[in-house]
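Asks: return atomic coordinates for the entry below.
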Amino acid sequence: MPAYTIGIDVGGTFTDVVGIGADGSQTLAKAASTPADQSEGVVQGLRNLAEALSLTLADLLRQTARIVHGTTVATNALLERKGARIGLLTTEGHRDVIEMREGLKPERYDLRLPAPEPLVPRRLRLGVRERLRPDGRVEVPLDQASLDSAIARLQAEGVEGVAIGFLHSWAAPQHEHAAAAAVAAALPGAFVTCSADVLPQIKEFERFSTAAVNAYVGPVVSRYLGRLAGRLEEAGFGGPLFVILSHGGVAPVEEAARLAVGTALSGPAGGVAAAVALAAEGLGQDLVTFDMGGTSTDIALVTAGEATLGRGRVVGGERIALESLDIVTLGAGGGSIAHLGPGGTLQVGPQSAGAVPGPACYGQGGTAPTVTDANLVLGYLDADNFLGGARRLDLAAARQAVAGLAARLGLTPEACAAGIHALVNARMADGVRLATVRRGVDPRDFALLAFGGAAGLHATAVARELGLRQAAVPVFAAGLSAWGMLHTDLRYELSRSAVTPTGLPEDAALRAMFDELEADGRARMAGWHGGEVAARRSADMRYGEQVFEIAVPLDAIDWNGPDPGGQVRAAFHARHRALFTYDLPEEEVVLVNARVAVTGLLPRQAAAIGTAPPPAMPAAPRRILLDGNPVLAPVHRFEALVPDQAIAGPAIVESATTTVLLRTGDAARMDGRGWLEIAVPPAG
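Replies: As a prediction, this is how the structure comes out:
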């Protein structure tokens with residue numbers, strides 16, 4: 001029987017690999033990320049894990065039941081505009097939908113804001129003569145000559161991918177599918193995507209944009225996943241390779257390649273999955289996740305033990321209308337570069353030193369001052385014990401980098417480093433406000449779950465700024481996202497628009513629509529998974545005169561009982577009242593999209609998030625600069641803490657892969673389930 005499951009999280013600076021054994025033991029290994037080809041860093045991380053387990057790579061992979069991977073390939077392609085050269089086939093006269101968007105600007109009052117550059121240049125957006133009515137009936141048949149002419153143009157332009165988005169294809173996809181077959185025959189190597197297969201819903205811009213993004217990142221993601229799967233197979237792995245998607249569930253590698261747009265938030269999704277698992281372990285039902293890595297900080301909410309989902313995310317300026325975790329991402333991480341902005345003011349990020357060259361203290365040629373350099377100058381990091389001693393940090397190089405910026409500000413290096421630390425804390429606190437207050441949530445009712453290699457140094461300062469009274473840092477903080485990937489399930493999302501003159505289909509039609517979606521989802525899941533399967537239903541609904549709809553859970557509906565339509569209406573009124581404090585029972589209720597999420601429950605290997613290495617020798621106190629004052633802070637080994645051990649700040653708690661800074665007034669207690677629980681006093 002295979003002994004291990006492995007989770008892999010590729011970050012901007014490090015690739016984290018977590019292996020959980022059949023006995024519940026777990027091991028974290030890290031490798032430098034390799035942006036040019038992430039699979040190199042992944043395989044090196046697996047080698048490091050094998051070495052930590054005293055195995056060869058081949059032996060480890062032969063004993064592995066499954067690998068779950070979070071990748072930032074699609075995200076990076078969008079952010080850096082390094083996706084494929086693509087074309088768009090659309091209904092004649094509608095090629096500018098993705099450029100006109102919805103007639104709104106990201107910053108509507110900025111008169112100088114330039115128009116976003118569309119993923120598909122206008123000359124590669126080609127109209128095809130055809131037309132469907134909203135009910136799916138054919139108004140104008142698909143014109144073969146028009147289609148052939150458009151395909152010949154794309155062929156001459158040498159496109160790698162083609163998105164096909166025809167009007168009303170959500171109601172009847174036959175024209176898109178016929179066009180896709182013709183494109184595949186003429187351009188056999190192209191990545192072809194139909195909007196009706198990616199997002200079978202009304203709202204043309206959202207559907208066209210999502211399909212265009214899929215075509216844009218699809219070739220890049222497909223090549224990467226194919227290369228990774230091949231390397232793993234050559235190294236001896238014969239089990240399934242799963243990829244975590246933006247909604248927090250996982251899918252086989254083939255599905256992730258087909259729906260590449262669904263990996264746009266693959267990287268941070270593992271951390272949210274971990275938070276849900278820890279909520280079930282007793283950490284707390286209401287959590288703000290604070291995942292600070294090398295290049296960015298990802299913030300999300302777990303409410304009543306469940307992750308918050310949303311739609312209409314914008315990544316790299318492009319709208320993606322698939323259901324995804326509601327994550328706020330900031331360009332603020334350990335590698336974020338401090339610099340002078342307009343007017344000579346100190347700024348931090350969003351530029352990052354990344355994995356190459358990395359912060360100045362890494363000794364890889366970096367010269368710009370980063371958050372990590374500032375933390376080293378302030379004494380918060382141990383230069384001789386970074387990554388458990390595997391890498392020595394260069395304090396002189398960090399100080400020199402910070403000193404260059406400090407001289408331009410007229411400050412000492414220590415004062416400049418303190419300013420960098422304080423400024424990045426303020427930026428991340430603003431990110432938490434964006435994820436909470438602007439969504440109508442009071443963050444003071446939540447606990448801050450801090451993870452990622454850099455979060456522990458900033459967690460209690462961010463909590464203070466927001467008025468949060470509790471923070472928690474897991475022992476496995478640096479690898480928690482990879483750990484979380486092993487605590488989620490297979491997931492397949494289905495949706496269908498349901499536009500009727502009466503606002504809500506009749507009971508029989510309503511029941512049949514959801515039953516068909518669930519049957520389709522269960523059939524797809526049967527091809528992936530032979531174990532237990534579950535399904536959840538929901539709907540996007542609104543009042544008749546409203547423009548935007550809200551998501552309404554329908555788990556409590558008795559679909560075989562009397563009046564399921566009445567139950568759905570009541571669920572919408574209750575949800576609207578919960579979100580906006582009022583409802584309008586006399587108004588017409590419109591069901592816009594029916595949704596079903598089918599999950600295949602994967603086996604778990606029992607594992608807490610703690611580790612049990614031999615007790616470590618007490619560390620020597622370290623002189624740090626805290627709030628402008630020098631402090632001799634006691635240093636505790638994270639792995640050596642015993643359950644219920646109390647630590648009063650100021651103090652340092654460090655492990656091989658993360659460091660926690662306890663400030664004056666912080667009161668920490670080691671929870672026996674594997675996390676440091678910190679009571680944070682009010683600010684001031």
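
Asks: show me where the stretch 51-200 of the chain has its helices.
Replies: 57-62, 73-80, 97-100, 144-157, 174-186, 195-198 (DSSP state H, counting those that start in this stretch).

Asks: angle of the longest one against helix 174-186?
Replies: Between helix 144-157 and helix 174-186, the angle formed by their directions is 40 degrees, by axes from the mean of the first three to the mean of the last three CA atoms, to 10 degrees.

Asks: show me what helix 144-157 is packed against.
Replies: strand 86-91, strand 125-128, helix 174-186 (3 or more CB pairs under 8 Å, 6 or more residues apart in numbering; DSSP states H and E). Where C-beta positions appear, they are placed from N, C-alpha and C, glycine not excepted.

Asks: what sits up against the last one?
Replies: Helix 174-186 has contacts (CB atoms under 8 Å, 6 or more residues apart in numbering) with 89, 128, 130, 132, 138, 142, 147-148, 151-152, 154-155, 162, 164-166, 169, 190, 192, 194-197.

Asks: drop anything exposed from the residues you listed.
Replies: Taking 16 or more other CB atoms under 10 Å as the criterion, what is buried in those is 89, 128, 130, 132, 142, 147, 151, 154, 162, 164-166, 169, 190, 192, 194-197.

Asks: and the residue nearest to Val302 when sequence neighbours are not counted, what are its bridge partners?
Replies: In this structure, Val302 finds its nearest non-sequential neighbour in Leu287, 4.3 Å apart by CB to CB, 6 or more residues apart in numbering. Beta bridges link Leu287 to Val302, Ala447, judged by DSSP bridges.

Asks: surely Ile244 and Gly271 touch.
Replies: No. Taking contacts as CB atoms under 8 Å, Ile244 lies outside contact range of Gly271: 10.2 Å.

Asks: any idea how far Pro634 is from Gly456?
Replies: 16 Å (CB to CB, to the nearest Å).

Asks: so which of those two has more stuff around it?
Replies: Per other CB atoms under 10 Å, whichever of Gly456 and Pro634 has more neighbours is Gly456, with 30 against 17.

Asks: on that earlier part again, output the helices of the stretch 51-200 of the chain in CSV; the columns should cover mean pLDDT.
Replies: Supplementary listing: the helices of the stretch 51-200 of the chain in CSV, determined by pLDDT from 0 to 100:
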stretch, mean pLDDT
helix 57-62, 94
helix 73-80, 86
helix 97-100, 90
helix 144-157, 96
helix 174-186, 97
helix 195-198, 96
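
Asks: pLDDT below threshold where in the stretch 301-450 of the chain?
Replies: For the stretch 301-450 of the chain, the stretches with pLDDT under 70 are 388-390.

Asks: give me that answer again for 80
Replies: By pLDDT under 80, the low-scoring segments of the stretch 301-450 of the chain are 311-312, 354-356, 385-391, 438-440.

Asks: contact partners for Ala256?
Replies: Here Ala256 is in contact with Val221, Leu225, Val243, Leu245, Gly262, Thr263, Ser266 (CB under 8 Å, 6+ apart).

Asks: sorry, slip of the keys, the one I care about is Gln155.
Replies: Here Gln155 is in contact with Ala186, Leu187 (criterion: CB under 8 Å, 6+ apart).
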